[in-house]
Structures are given as C-alpha cells and as structure tokens.
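**Q** Prediction below, plus the sequence it came from.
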Amino acid sequence: MTTIWLRTECDLEFDVELYTPFVFMLRPRSGAGQWVAQERYAITPSVPVTEFTDAYGNLCQRLIAPPGRFSVRTQADVMTSAEIDTGWGLPFIPVQELPESTLAYLLPSRYCEADRLGELAREITAWAHPGYDQVAAIEAWVRGAVRFEPGSSQLPLSAVEAWQRGVGVCRDLAHLAIALCRSLVVPARLVVGYLEGLQPMDLHAWFEAYVGGRWYSFDATQAQPRGGRVTIAYGKDAADVAVYSQYGPLLLPSSMRVAVQRLIQAPT
C-alpha cells in the first residue's frame with residue numbers, strides 16, 4: 001500500500017452577537033489508515049477549551065465564543081493511503097459474529113431509515129454475492145440514482161428524501177447508501193473528512209461498511225475508487241459528525257476555507 005502525506009486545513013470565521021456555546025469536531029486522530037504527525041489549532045480570541053472524546057471516539061472541542069469576530073483555524077499533516085482498499089468477494093458477517101462495536105451501525109437512525117428500504121436494497125443487490133459485492137452494488141446504484149451536486153442542499157436530507165429528490169450533496173448520497181446497507185444487516189457508518197483533489201474543495205462525506213471482518217470505504221460521489229482521504233469523524237449519520245455544533249440562535253460561518261495539499265516529503 002502506497003502512503004502519502006497530506007496537509008489539511010479548515011478555517012472558520014463567525015460574527016458572534018451573544019456569548020455562544022460551541023462544540024467543534026475538527027481534529028483528525030491517528031488510527032487505522034492514517035497517522036497524524038503534527039497539528040495546529042488556533043482560536044481567536046483565545047478562550048478556555050475543554051476537549052473530550054464522544055461515544056464514537058471522535059475528538060471534540062467545547063468552548064464559549066464571545067461577541068465579535070471569532071475564528072478557528074486548523075492544520076494537520078497526516079500520512080494516509082494513496083489508494084482505497086477494495087475487497088471483492090469478501091463475505092457478509094452474520095450478526096452473531098459481529099463485534100459489539102458495530103451493532104449500533106445496524107439500526108435505523110435519524111437520517112438513515114433502514115427500516116423503510118429493505119425491498120429496494122434486495123432489488124439492487126439481487127445478483128450480488130452477500131458482503132462486499134452487495135455494498136459495491138449499492139454504491140453504484142446510488143451514484144446513478146442521486147445526482148451529486150455540491151451546494152444543492154443546506155440541511156441534511158434523509159435517505160428516503162435523497163432517493164425521492166434525486167439530487168444531493170455528499171452526505172445525502174452517503175445517507176442513502178448507509179440505509180440500504182443496514183437494511184441488509186450490513187453495518188454502515190458515515191465518515192466526514194478531507195478528500196485530496198475534490199472539486200470544488202470542501203469538507204467531504206463518504207461511508208464505510210463492515211464486511212469480511214473490517215471496515216471498507218465507499219464513496220458514491222466518485223466514479224472510481226480514490227484514496228488520499230483524511231478522516232475527522234465517524235457516526236451513525238450527519239447528526240453525529242457535525243464539524244461544529246452551536247447552541248442558541250442560529251449562527252452560520254461568515255467565511256469558511258478548506259484546503260488539502262500533498263506534501264513532497266514527510267514533515268519535520
């Protein structure tokens with residue numbers, strides 16, 4: 001497996017009117033498939049920050065933003081794979097043999113109505129070998145059924161809504177694929193992070209399915225399997241992996257910049 005070094009950046013600015021509690025989820029963690037060599041995390045103006053790990057192992061930063069211009073600027077140098085693993089023919093894992101950590105990813109959730117899509121999932125995968133090939137069939141079907149159009153939805157669409165609408169952003173396509181997988185009793189989860197070369201550049205969402213004894217990545221927005229990914233967070237759906245959650249009157253960023261750069265050599 002060929003590895004590469006990526007420098008990821010995400011800068012957010014807010015015009016805050018009232019003291020506003022935030023939880024940010026912007027720090028990638030080292031783990032399976034990636035190694036974080038160094039990070040920069042700058043908050044202006046400086047305020048006290050408490051970091052905690054949520055139920056999915058994601059690194060979360062909790063703070064209160066004061067009135068005025070408030071910014072969060074992050075940068076990370078991460079070693080990751082240049083290719084995406086595939087596993088054609090890998091088997092379906094019966095529920096009784098699944099690790100307990102995967103069981104939550106079998107259940108319907110707010111944006112992934114797995115209990116409503118069983119018949120459709122069976123039609124899509126009727127020809128596929130149970131396991132990885134089923135998930136690949138779902139990925140291909142979603143790519144054809146829902147047009148990927150950045151900026152087409154501001155609020156997350158559920159799986160059923162994305163199917164009915166026929167157009168959505170990356171998380172919407174992932175929601176539909178996840179729900180279809182779960183309806184076949186295949187654990188599936190949403191991933192948020194960075195994808196090298198994404199156009200237009202932005203934070204990105206894809207999904208992972210548990211087959212053959214491990215998690216595999218799938219992305220219905222891309223015509224071919226692509227590596228160069230840095231994961232920030234995992235969850236059941238978009239409700240679990242917001243890069244920021246703000247409490248009180250609605251407050252949207254006044255500006256947001258995302259960048260991914262391939263490094264020529266390892267950082268020092």
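**A** The structure has been received and is ready for your questions. Note that the structure is predicted; figures quoted are calculated from it, not measured. Residues are numbered from 1 along each chain as shown.

**Q** does L63 belong to a helix or a strand, and which?
**A** strand 59-65 (DSSP states H and E).

**Q** An error on my part: the question was meant for A259.
**A** Secondary-structure assignment from DSSP H and E places A259 in strand 255-263.

**Q** Name every strand pairing with that strand and say which way it goes.
**A** When pairs are called by DSSP bridges, strand 255-263 turns out to pair with strand 3-16 (antiparallel).

**Q** Give me the distance from the strand holding A259 to the chain's centre.
**A** How far strand 255-263 lies from its chain's middle: 17 Å, per Cα atoms, centre = their mean, to the nearest Å.

**Q** then that strand to CSV, C-alphas only?
**A** The C-alpha trace of strand 255-263 is given here as CSV (Å, rounded to 0.1, in the frame of the first residue of the first chain):
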residue,chain,number,x,y,z
SER,A,255,-16.5,32.5,5.9
MET,A,256,-15.1,29.0,5.5
ARG,A,257,-11.9,27.8,3.8
VAL,A,258,-10.9,24.2,3.2
ALA,A,259,-7.6,23.1,1.6
VAL,A,260,-5.8,19.8,1.0
GLN,A,261,-2.1,19.8,-0.1
ARG,A,262,0.1,16.9,-0.9
LEU,A,263,3.5,17.2,0.8
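
**Q** how big is the angle separating the strand holding L63 from strand 3-16?
**A** If you take axes from the mean of the first three to the mean of the last three Cα atoms, to 10 degrees, strand 59-65 sits at 20 degrees to strand 3-16.

**Q** give the contact list for G228.
**A** The contact partners of G228, taken as Cβ atoms under 8 Å, 6 or more residues apart in numbering, are 4, 6, 80-82, 195-197, 260, 262. (Each C-beta comes from the backbone N, C-alpha and C, glycine too.)

**Q** Which parts of this structure are helices?
**A** All helices of the chain, identified by DSSP state H, fall at 118-124, 132-145, 159-165, 170-183.

**Q** ok, back up a step: quick one: strands adjacent to the strand holding L63?
**A** Strand 59-65 has the following strand partners under DSSP bridges: strand 20-27 (antiparallel), strand 50-53 (antiparallel).

**Q** if I look at P48, how far off is P21?
**A** Per Cβ to Cβ, to the nearest Å, P48 is found 12 Å from P21.

**Q** Need the overlap of contacts for the two.
**A** Residues touching both P48 and P21 by Cβ under 8 Å, 6+ apart: 63-64.

**Q** Next, the buried residues of the strand holding A259.
**A** 258, 260 (16 or more other Cβ atoms under 10 Å).

**Q** And stretch 152-165, by the same measure?
**A** By neighbour count on 16+ other Cβ under 10 Å, the buried set for stretch 152-165 is 153, 156-163.

**Q** follow-up on the earlier one: how about JSON lines for the contacts of G228, with distance to L107 and pLDDT added?
**A** Shown next, in JSON lines, are the contacts of G228 (distance: Cβ to Cβ, whole Å; pLDDT from 0 to 100):
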{"residue": "I4", "distance to L107": "35", "pLDDT": "97"}
{"residue": "L6", "distance to L107": "33", "pLDDT": "98"}
{"residue": "T80", "distance to L107": "29", "pLDDT": "98"}
{"residue": "S81", "distance to L107": "29", "pLDDT": "96"}
{"residue": "A82", "distance to L107": "34", "pLDDT": "96"}
{"residue": "L195", "distance to L107": "27", "pLDDT": "98"}
{"residue": "E196", "distance to L107": "32", "pLDDT": "98"}
{"residue": "G197", "distance to L107": "34", "pLDDT": "96"}
{"residue": "V260", "distance to L107": "33", "pLDDT": "98"}
{"residue": "R262", "distance to L107": "38", "pLDDT": "97"}
